[in-house]
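Enquirer: Need a 3D model of the sequence below.
(2 chains)
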Amino acid sequence: MRDVTVTYPGRPPVVAVDSVSLTVERGEILALLGPSGCGKSSLLGAIIGTVPPASGAVHWEGEDLTAMPVHRRQFGMVFQDGQLFPHRTVAGNVSFGLEMQRTPAAEREERVAGLLEMVGLTGYEERPVTDLSGGQRQRVALARSLAPRPRLLALDEPLSSLDASLRARLAGEVKSILLAAGTTAILVTHDPDEAASIAHRVVQMEDGRLL
Amino acid sequence: MRAARLHHSLRWWALAAVPLAFLGLFFLWPLVAVLGRGLFDGGFDLGGLADVVASSRTADAVVTTLALAAAGTAGSLALGLPGAYALYRLRWPGQRAVRAMAAVPFVLPTVVVAAAFTALLGRSGPLGGLGIDQSATAIAAALVFYNVAVVIRVVGGTWAGLDPSTADAARTLGADRRRAFAHVTLPALAPAIGSAAAVVFLFCATSFGVVLVLGGTRVRTVETEIYLQVNQFLDLRAAAVLSLLQLMFVALALGGAEWARRRRERSLGTRRLDGTRSPGGRDRWVVAGILAVLAAVLATPMWALVERSLRTADGYGLDHYAALLTESGLGGLPVPMWQAAVNSMVAASVATAIATGLGLIVAALLTRRTGRSTLLDSVVMLPLGVSAVVVGLGMLLTLNRSVLGVDLRGSWWLVPIAQAVVALPLVARTLVPASRGISPQMRAAAGTLGASPWRVWRTVDWPLLTRPFGLAAGFGFAIALGEFGATTFVARPDHPTLTTAIYRLLGRPGIESIGMAFAAAVVLAAMTAAVMMASEGLRTQVGADL
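Expert: Here you go, the predicted structure:
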């Protein structure tokens, strides 16, 4: 991405991200580390397509994605508090992206089972997501975002809503899951330990700029 | 990426065009036509306006409107405040059911309430001996019957959340019960009482069906005077000028209600605590007394209505109900009563479909609070601030010619359209908060999984909105079914709805027609209650937006 700037309306407009340029290699796990309010989530939103940048451009292998709506970018995202669909079961959540791709039902079922095994939730298919613990929810969120095989996976503070001991254990798991899936990933976090244990490369961010 | 933003904005406005076009054609244009008719006569002419305003008929109607609204508000407070104490501040078994029953009058169609008071106070009614049938007193009583529920609900909600320890503190400082109430509890309740009073005053001042049926041509308010000027004197100019007056009244009352609501919200703050208690020894008698009075006031008219619907020339029987099912139009009606009921059901179904369809679009467009969504929101809410009679009059004035090649003159479609205009604000008020309650992040999550905006709505919004949608549809249907003010202007005489047919029958002499009117009113009340109870099951908080 080149010279991306994100502003929010206001007088004067709030500049959340200030001309940031960043390149991620294929298969690389990059961590964006910074205090809360430094603009890292806005930057992630601009990459994913949920936040329109005021200027700058997002490219993927030479293709300009800046004007492409979020659902066509094939970029996945794990949200801070999971954002699981409360009206769907665990399997219903994980298969959502596959349904959007119109994958045949049999293939979908197989892939959901595979992913649930990967995140250690085999047999949880028909559980309502409202019954899950915080750690289980984030595993489902991870499985759900990996299901449609995104070209790039964004993780926005995926572990920060969990307690400390669980966070440390899950960080290792997330790394091995991401490596097993071979996904290119950008992780946003305020926790240096988490960044170090998951990512290949760590980039620091402060006041809308990379350090 | 400017293109992307423009594209997004275009799509928003393209979708917003649907509700805006509907309201523009069937609400704003008619409203402007009424205003124009009042202010212009050939050219700009304040003379004609002054004539109408200065006439003694108008002065009379204005004074009556204010007096009735004041009496209705005072009566509702007198009965509603003890009711709020017994039903919300104190805690006792079976309370929820009693609360629900006390809320019933508010959802009854106006024509039903009017029929019930005619049944109660008419010459052969149980309280016929009082001789107050068709008097201002009877109307005020009916307005109280109608609006007590509002006071109980609004004040009770605040009272249940008041911290009891402040009153206890006053007691330890030497205040007796009465002084603790007057100096601590009452001031804390004042914003809620003010808010309830403003809303009730607004409802009373814009009440149409009750006043028209019970007051006839003798007790006239601004609202019924508009109707009488159109239907008896064919003076559209005078009706338009009166509509201007009514719009001003409503704007003032709405302003007052909004101001009081803000104050109430500020006084409530974010702190919610449980201030309810179980009744002590002396409380039991107080509660029993309050409930007995409430029951007498709320149940007697309904009981009288049922009793008189069963009373025949020789004893009791189901003759009047049987008459509803006969083939010929009895009591001077051009169609049998069951046909009017079918008309009502069909019109209400179409109105519900229109209102909920538009409501869903509005809810989808208002998920984010921006300048344009505030604008759309206020346009959609506007019909709430305009009396149904003015809506009906406006449609009569504007749609008497063909619009865009479609001739709606005297068309049956005007009935459900008018009802949809009246129902839309409440339908939207039910759907918009539910839609705003869905996390935008969850929609973004569906987007990152490859769902287009339409599929995001289909797979995330819609499944989470089905319950509020059922509630909104039930509300919309009940409102349309009981709608009288606008319907009476646009329904053709040979194609009556239940409400217009009941109104017509109530005005005719003879035990057959009035008995049939009572029977039909019972049927309409039962239909409304059934719909409300079915949707009530889907509701989470009663009257939260009052």
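Enquirer: ok, A:Arg209 - contacts?
Expert: A:18-20 (C-beta atoms under 8 Å, 6 or more residues apart in numbering or on different chains). C-beta: built from backbone N, CA, C; applies to glycine.
Enquirer: switch the cut-off to 7 Å
Expert: By C-beta atoms under 7 Å, 6 or more residues apart in numbering or on different chains, the residues touching A:Arg209 are A:18, A:20.
Enquirer: Could you tell me how far it is located from B:Ala188?
Expert: 51 Å (C-beta to C-beta, to the nearest Å).
Enquirer: Equivalent analysis for B:Ala388, please.
Expert: To B:Ala188, B:Ala388 is 36 Å away according to C-beta to C-beta.
Enquirer: which of the two has more neighbours?
Expert: Set B:Ala388 next to B:Ala188 and count neighbours by other C-beta atoms under 10 Å in any protein chain shown: B:Ala388 wins out with 24 against 16.
Enquirer: Tally up the residues packed near the nearest residue to that one once chain neighbours are set aside, please.
Expert: Spatial nearest neighbour of B:Ala388, excluding adjacent residues (C-beta to C-beta, 6 or more residues apart in numbering or on different chains): B:Gly485 at 3.1 Å. Other residues lying near B:Gly485 total 26 when counted by other C-beta under 10 Å.
Enquirer: again, but for the one 10 residues further on
Expert: Residues near B:His495, counting by other C-beta under 10 Å, number 16.
Enquirer: Assign it to helix, strand or coil.
Expert: With DSSP: H, G, I helix; E, B strand; the rest coil as the basis, B:His495 sits in coil.
Enquirer: Does it touch B:Trp412 like I think?
Expert: Yes - under the criterion of C-beta atoms under 7 Å, B:His495 makes contact with B:Trp412 at 6.0 Å.
Enquirer: Next, residue 55: phi, psi?
Expert: Picked chain A for this. phi -160, psi 170 (degrees, to the nearest 10).
Enquirer: Chain B, not that one
Expert: According to degrees, to the nearest 10, B:Ser55 has phi -70, psi 150.
Enquirer: ditto for A:Glu157
Expert: Torsion angles at A:Glu157 (phi, psi; degrees, to the nearest 10) stand at phi 40, psi 60.
Enquirer: Please report how far it lies from A:Gln80.
Expert: From A:Glu157 to A:Gln80 the distance is 4 Å (C-beta to C-beta).
Enquirer: between the two, who's got more neighbours?
Expert: Neighbour tally, A:Glu157 and A:Gln80, criterion other C-beta under 10 Å: the higher count belongs to A:Glu157, 20 against 17.
Enquirer: Give me the pLDDT for that one.
Expert: We have a pLDDT of 88 for A:Glu157.
Enquirer: do the same with B:Glu327
Expert: For B:Glu327, the model assigns a pLDDT of 65.
Enquirer: what do you get for A:Thr7?
Expert: Looking at A:Thr7, its pLDDT stands at 67.
Enquirer: now the one 3 residues further on
Expert: The confidence metric pLDDT takes the value 58 at A:Gly10.
Enquirer: before we move on, what about B:Leu360?
Expert: B:Leu360 carries a pLDDT value of 94.
Enquirer: same check, this time on A:Pro148
Expert: 90.
Enquirer: So which elements touch the helix or strand harbouring B:Arg263?
Expert: Assigned by DSSP states H and E, B:Arg263 falls within helix B:236-268. Secondary-structure packing of helix B:236-268 (3 or more C-beta pairs under 7 Å, 6 or more residues apart in numbering or on different chains; DSSP states H and E): helix B:29-39, helix B:46-54, helix B:186-205, helix B:222-231, helix B:388-398.
Enquirer: quick one: whatever helix or strand B:Trp338 lives in to chain centroid distance?
Expert: In this structure, B:Trp338 sits in helix B:337-365 according to DSSP H and E. Mean-position distance between helix B:337-365 and its chain equals 16 Å (C-alpha atoms, centre = their mean, to the nearest Å).
Enquirer: Report the buried residues of that helix.
Expert: Taking 16 or more other C-beta atoms under 10 Å in any protein chain shown as the neighbour-count basis, helix B:337-365 is seen to contain the buried residues B:337, B:339-341, B:343-345, B:347-352, B:354-356, B:358-365.
Enquirer: repeat for stretch B:226-238
Expert: Buried residues in stretch B:226-238, counting neighbours by 16+ other C-beta under 10 Å, are found at B:226-230, B:236-238.
Enquirer: Kindly report the same for stretch A:181-198.
Expert: Neighbour-count burial for stretch A:181-198 flags A:181, A:183-191, A:194-195, A:198 (criterion: 16+ other C-beta under 10 Å).
Enquirer: Straight-line length of that stretch, end to end?
Expert: From its first residue to its last, stretch A:181-198 covers 14 Å (C-alpha to C-alpha, to the nearest Å).
Enquirer: Contacts (any at all) between chain B and it?
Expert: No - using C-beta under 7 Å from any C-beta of the partner chain, we find that stretch A:181-198 stays clear of chain B, coming within 12.7 Å at best.
Enquirer: Now that stretch: average pLDDT?
Expert: Stretch A:181-198 comes out at a mean pLDDT of 88.
Enquirer: Please apply the same query to stretch B:476-486.
Expert: pLDDT averaged over stretch B:476-486 gives 91.
Enquirer: which residues touch it?
Expert: With contacts defined as C-beta under 7 Å, 6+ apart, stretch B:476-486 is touched by B:107, B:109-111, B:208-209, B:344, B:347-348, B:351-352, B:355-356, B:387-389, B:391-392, B:418-419, B:422-423, B:426-427, B:499, B:503, B:524, B:527-528, B:531-532.
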